[in-house]
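Undergrad: coords please:
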Amino acid sequence: MNFGNNLKDLRETRNVTQGQLAEYLQVSCPTIAGYETKSRQPDFEKLEKLANYFHVSIDYLVSGSETTSTDIPLKKEPNEKSLDRDVAMAYQKLSLESKQDVLKYIELLQLRDDVQNVE
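TA: Here you go, the predicted model:
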């Protein structure tokens, strides 16, 4: 696989639109389409942002396979922003009933946090 195919596969698998990805990278939708059809290549900064966005290595984006060296981390530790994005992406895929359950669970977690903050 090549970069364009890998990017499109990641984007579609994670239900991310070209528009959402373009907004994240601060580029136009045609630029994303160009990345996916091989007519454009991202600069290193954009490549790094794409790898962080999809939680994969740059090596995976470019070649379709992860590096095997133990000296190079394949994924960075998640931060609050990436966790927020991942939760939102997962939430979008849920049924209405499951979304209601998620909200109930969030309320329980908020209660737990409130109790821990009082102690």
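Undergrad: name the residues of stretch 34-42 that come out as buried.
TA: Under the neighbour-count criterion of 16 or more other CB atoms under 10 Å, stretch 34-42 has 34-36, 42 buried. Backbone N, C-alpha and C define where each C-beta goes, glycine included.
Undergrad: which of those residues fall in helices?
TA: The helices, defined by DSSP state H, take in 34-36 from the buried residues of stretch 34-42.
Undergrad: ok, longest helix in the protein?
TA: helix 96-118.
Undergrad: so who does Leu108 touch?
TA: Contacts for Leu108 were tallied using CB atoms under 8 Å, 6 or more residues apart in numbering; there are none.
Undergrad: can you list contacts of the least confident helix or strand in the chain by mean pLDDT?
TA: Lowest by mean pLDDT, DSSP states H and E among the helices and strands of the chain is helix 80-92, with a mean of 78. For helix 80-92, contacts defined as CB under 8 Å, 6+ apart pick out 14-16, 52-53, 55, 78, 99, 102.
Undergrad: got CSV for these, with secondary structure, distance to Gln116 and pLDDT too?
TA: Shown next, in CSV, are the contacts of helix 80-92 (DSSP: H, G, I helix; E, B strand; the rest coil; distance: CB to CB, whole Å; pLDDT from 0 to 100):
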residue, secondary structure, distance to Gln116, pLDDT
Arg14, coil, 32, 88
Asn15, coil, 34, 90
Val16, coil, 34, 91
Asn52, helix, 30, 89
Tyr53, helix, 32, 90
His55, coil, 28, 87
Pro78, coil, 21, 66
Lys99, helix, 26, 89
Val102, helix, 21, 90
